[in-house]
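**Student:** Using only what follows, build the 3D model:
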Amino acid sequence: MMEGDLSPSWDSDDEFEKFIRRMNPPRVVIDNESCANATVVRVDSANKYGILLEVVQVLTDLNLITKKAYISSDGGWFMDVFNVTDRDGKKIREESKLDEIGNYIRKSLGADSAFVPSCRRSVGVAPSSDYTVIELTGTDRPGLLSEVSAVLTSLKCNVVNAEVWTHNTRAASVMQVTDEETGLAIIDPERLSRIKELLCNVLKGNNITRGAKTAVSMGVTHTDRRLHQMMFADRDYERSDKDTANESHRPNVTVVNWFDKDYSVVTIRCKDRPKLLFDTVCTLTDMQYVVFHGNVDAEGPEAYQEYYIRHIDGSPVNSEAERQRVIQCLEAAIERRVSEGLKLELCTSDRVGLLSDVTRIFRENGLTVIRAEVSTQGGKAINTFYVRDAAGNSVDAKTLEAIRQAIGLTVLQVKGHMDQSESPPQDSPTRFLFGGLFKSKSLYNFGLVRPYS
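**Tutor:** Just a heads-up that it's a prediction; the model follows:
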């Protein structure tokens, strides 16, 4: 090829990777026979950065629960096995669902797919101009969601979908809004600027040491991934000295070096929950680490995850400061979605200002929202709120009854208290990758661990 034929944007490495993927298209085999209690999904593909997250993201978006996983991507090939079930813990039997799993994974890993760290669409959702995406980060406080919702209602914005996370005094939200009159995206620059300004003022509150951020965009982002990135950028993983009292309730995360192979070995033990695998893989990927080998076991109430990682530049974790940062960021990623408190589900006809009205009633009755999932389907608002009182305690029965009377007994359903107790970490049986040889405890026994200085 002559030099004049090269475009400035032409990337030979990227084109070579696409060529390899076209010559070796991803292979997805789904097996319902080899495992008694799960559907087995085997994925073989040419390797590329972020490929593990791509597959895990598809499985998560399809509401599948990963009970076991075996990960190997050392070299130029990616070979993974996932044992998955539906939300009820049953095998996937419907042929249409099985086809959907295979098709989405193949499409996600195909030659023309692109791994984009900051913005990735959800499964089955194409970019759209039907709504505007608003991203918010700031200091958490009681009544914050109510104040944000009230501002959006006053600005003639209808919240179509939203997800709100709070962790370590910080709050983040991704909201999809439309214009109250047209039902379409808001595109006027002056109006968007006004929305950002007013929301930023609400988010700042009285906090002068930690700022607030607002951003607007068109189209679709992968909401969960984006929330992790926003809270990571806001440094919600940084803890004060006062947090040491809560150490017993944190996930058990360790990072050690296996110096013979230049891997860092990450082990995670914590209470299992939906989307846990996505949260940990997402965090490692966004921190620019590559998982070369791994094993996941979540068949009991406790999940065990084990990853053999290097930084994207090929180096293992090489300092105590970096090791502590990996531990803190994984702990934060696991905790962000843990929803201790009372779970309330609201289902009613959607209307402009509904979220503002409901959260106002929460605020007036002294409740604070820890996490929220807001969606609109077929003209119905289907919202889930995890709440505690303003002091962080359980909601008493009288307050709950008053709230249900105000909102509607049939509209707002109580799903009970989430279990706030964390079971103490327990050594898992030796049933993991390579017969358990690589478990961190064994690394010490074999003298393979290099201490950090």
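
**Student:** can you pull the buried residues of stretch 403-416?
**Tutor:** Under the neighbour-count criterion of 16 or more other C-beta atoms under 10 Å, stretch 403-416 has 403-404, 407, 412 buried. C-beta: built from backbone N, CA, C; applies to glycine.

**Student:** Let me have those residues in a markdown table, extended by secondary structure.
**Tutor:** A markdown table is the format used below for the buried residues of stretch 403-416 (DSSP: H, G, I helix; E, B strand; the rest coil):
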| residue | secondary structure |
| --- | --- |
| Ile403 | helix |
| Arg404 | helix |
| Ile407 | helix |
| Leu412 | strand |
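
**Student:** For the helix or strand encompassing Leu346, which strands pair with it and how are they oriented?
**Tutor:** Leu346 belongs to strand 342-349 when assigned by DSSP states H and E. Its sheet considered, strand 342-349 pairs with strand 380-389 (antiparallel), strand 412-417 (antiparallel) by DSSP bridges.

**Student:** among those strands, which is nearest Val317?
**Tutor:** strand 380-389 (33.6 Å; C-beta to C-beta).

**Student:** So for the nearest residue to Gln288 once chain neighbours are set aside, what's the pLDDT?
**Tutor:** Leaving aside its sequence neighbours, Gln288 sits nearest to Ile312 (C-beta to C-beta, 6 or more residues apart in numbering; 4.5 Å). The per-residue pLDDT reported for Ile312 equals 93.

**Student:** Same question for Ser73.
**Tutor:** The predicted local confidence for Ser73 is 88.

**Student:** try Tyr237
**Tutor:** Listed pLDDT for Tyr237 reads 95.

**Student:** Also Met218?
**Tutor:** Each residue has a pLDDT score; the one for Met218 is 65.

**Student:** cool, and Ile20?
**Tutor:** pLDDT, Ile20: 54.

**Student:** same thing with Asp396?
**Tutor:** Looking at Asp396, its pLDDT stands at 91.

**Student:** Can you tell me the closest non-neighbouring residue to it?
**Tutor:** For Asp396, ignoring the flanking residues on the chain, the nearest one in space by C-beta to C-beta, 6+ apart is Asp389 at 7.7 Å.

**Student:** Number of residues surrounding that neighbour?
**Tutor:** For Asp389, the number of neighbouring residues by other C-beta atoms under 10 Å comes to 17.

**Student:** these two touch, right, it and Lys398?
**Tutor:** No. Taking C-beta atoms under 8 Å as the definition, Asp389 is not a contact partner of Lys398, at 11.7 Å.

**Student:** Next up, the contacts around Ile195.
**Tutor:** Shown in contact with Ile195 (C-beta atoms under 8 Å, 6 or more residues apart in numbering): 134, 152, 155, 157, 186, 214, 216.
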